[in-house]
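Peer 1: I'd like to go over a predicted model; first the sequence, then the structure.
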Amino acid sequence: MRTVIFGRPGCGYCTRAVQIAERLSQQRDDFSFEYIDMYAQGISKTDLEKLTGNPVHTVPQVFIDDQHIGGCTEFEAYSRQHLGL
């Protein structure tokens, strides 16, 4: 399963989401992730809204296999419920 985390520098929740993803990638052979620095890539929250289909107020925004999961809190809950975190 491919996970993409959209975040920004200096964001504690973004750092936490990456830590969760790193842990999952160590625990599971079927888990990989990519972190995308929104500032470095010129991606705005408006751009993310087009991907999610919903307003985006916070980062990170996490997608697993192209399915929007949500922010860090939702990603952590999803990981505990479905991925054995």
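Peer 2: That came through fine.

Peer 1: only C-alpha atoms from now on, for both contacts and neighbour counts.
Peer 2: OK.

Peer 1: where do the strands sit along the chain?
Peer 2: Along the chain, the segments classed as strands by DSSP state E run 2-7, 32-37, 61-64, 67-70.

Peer 1: what's the angle from the second one to strand 2-7?
Peer 2: Angle between the axes of strand 32-37 and strand 2-7 is 20 degrees (criterion: axes from the mean of the first three to the mean of the last three C-alpha atoms, to 10 degrees).

Peer 1: helices or strands next to strand 32-37 in the packing?
Peer 2: The helices and strands touching strand 32-37, judged by 3 or more C-alpha pairs under 8 Å, 6 or more residues apart in numbering; DSSP states H and E, are strand 2-7, helix 12-27.

Peer 1: about what we covered before: out of the strands of the chain, nearest to residue 50?
Peer 2: strand 67-70 (11.4 Å; C-alpha to C-alpha).

Peer 1: list the strands paired with that closest one, with their directions.
Peer 2: strand 61-64 (antiparallel) (DSSP bridges).

Peer 1: what separation is there between the residue lying farthest from the centre of the chain and residue 68?
Peer 2: Relative to the centre of the chain, the most outlying C-alpha is that of residue 29, 18.4 Å out, by C-alpha atoms, centre = their mean. Using C-alpha to C-alpha, to the nearest Å, we find residue 29 at a distance of 21 Å from residue 68.

Peer 1: picking up where we left off before, now mean pLDDT too, for the helices and strands packed on strand 32-37, in JSON lines please.
Peer 2: Compiled in JSON lines, these are given as follows (pLDDT from 0 to 100):
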{"stretch": "strand 2-7", "mean pLDDT": "97"}
{"stretch": "helix 12-27", "mean pLDDT": "97"}
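
Peer 1: comparing these, which comes out most buried?
Peer 2: strand 2-7 (a mean of 21; mean count of other C-alpha atoms under 10 Å).
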